[in-house]
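> Structure, please.
(one chain, ligands or ions: 1)
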Amino acid sequence: MHPGRCLALAAMAMFAVAPAVSAAPPPPGATIPAFAAPPPKGTPFQYPAEMTQAQSDYVEHCGGCHGIHGYAAPADLPTIGGRVGWFMCLPEGRSYLARLPNIARSRITDNEQLADLMNFMVFGLGGGTAPATAKPFTADEVAKERVIPFTSVSLIQTRKLIVEKLIKSCGAPASLRLMYPGEVKPVKTTARRGFGSKAE
Ligand code: HEC
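Numbering: from 1, shown residues only. The predicted model follows:
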């Protein structure tokens, strides 16, 4: 199908089911209906005419998968736009972001440059979802975390625990349980089994 048409259909489907969305988690084993999650918070980030280094780093290294505004649809990849800032509410949420395989093992070897990219991601693309008190990532913090990247097993389990805490203690929306709106099967993770297992 033409991608434009696909997007239009997706938008229509989302609109059609939006009023029926409830905050309650689906019962275990239930199939999550397509487009069950409400759209993320706020309007997409607007890039300035002259991008900062961190912005162009994000576009180059991450935008191909996650979309330059942090919305990957119609690809089945995690949504970043208007919600990634929630992870900044807890120390383990910050650590989760820095240990993600595509961040920890980024081709950007300079930790300060990677911290800048991540700060643009959470405070820029996150669209106001980071708590006002959240401190930016530093080069030291990124350096410590990126040497213990997740395995596929640890990533999914750790994310689950963190997201439940974010919903309970930080007021994050229940839709954060899904990696992207309408997720019906788990995201095929890019993390490899056994890699970084010394951290488990
Ligand atoms: C090859 C495609 C790809 C690239 C490139 C990529 N990611 Fe990801 N990203 C994924 C996948 C797949 C996941 C799901 C977890 C996993 O396997 O890493 C993910 C998960 C995430 C998450 C977690 C979202 C959540 O809700 O749990 C964040 C944040 C993220 N990526 C940011 C980035 C950043 C920043 C970069 C660039 C440095 C990047 N990604 C590059 C595919 C990609």
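> what are the phi and psi angles of the most centrally placed residue in the chain?
In the chain, the centroid-proximal residue (Cα atoms, centre = their mean) is Ile80; its distance is 3.8 Å. Here is the backbone geometry of Ile80 (degrees, to the nearest 10): phi -110, psi -40.
> Now do the contacts for the residue nearest to it when sequence neighbours are not counted.
Leaving out its chain neighbours, the residue that sits closest to Ile80 by Cβ to Cβ, 6 or more residues apart in numbering is Gly70, at 3.5 Å. C-betas here are computed from N, CA, C, even on glycine. Shown in contact with Gly70 (Cβ atoms under 8 Å, 6 or more residues apart in numbering): Pro44, Phe45, Thr79, Ile80, Gly81, Gly82, Val84, Met121, Leu125.
> buried subset of those residues?
Buried by 16 or more other Cβ atoms under 10 Å: Phe45, Thr79, Ile80, Gly81, Gly82, Val84, Met121, Leu125, out of those.
> Show me the two of the residues you listed that sit farthest apart.
Phe45 and Thr79 (13.0 Å; Cβ to Cβ).
> is any part of stretch 80-99 close to the ligand?
Yes - counting by Cβ under 6 Å from any ligand atom, contacts between stretch 80-99 and the ligand involve Ile80, Val84, Leu97.
> Can you give the contact residues for the longest helix seen in the chain?
Selection of the longest helix in the chain by residue count, based on DSSP state H, yields helix 152-170. Helix 152-170 is contacted from outside by 86-87, 89-90, 92-93, 96, 99-101, 131, 150, 172-174, 176-177, 186, 189, 191-193, 196-197, 199-200, using Cβ under 8 Å, 6+ apart.
> The ligand contacts on the chain?
Taking Cβ under 6 Å from any ligand atom as the test, the list of the chain residues beside the ligand reads 61-62, 64-66, 77-78, 80, 84, 97, 100-103, 106, 121, 155, 159, 179, 187, 189-191.
> what's the first-to-last distance across stretch 65-75?
Distance between the boundary residues of stretch 65-75 (Cα to Cα, to the nearest Å) amounts to 8 Å.
> Same question for stretch 166-184.
The straight-line separation of the ends of stretch 166-184 (Cα to Cα) is 22 Å.
> list the buried ones in that stretch?
166-167, 170, 172-183.
> Of those, which is the nearest to the ligand?
Met179 (5.5 Å; Cβ to the nearest ligand atom).
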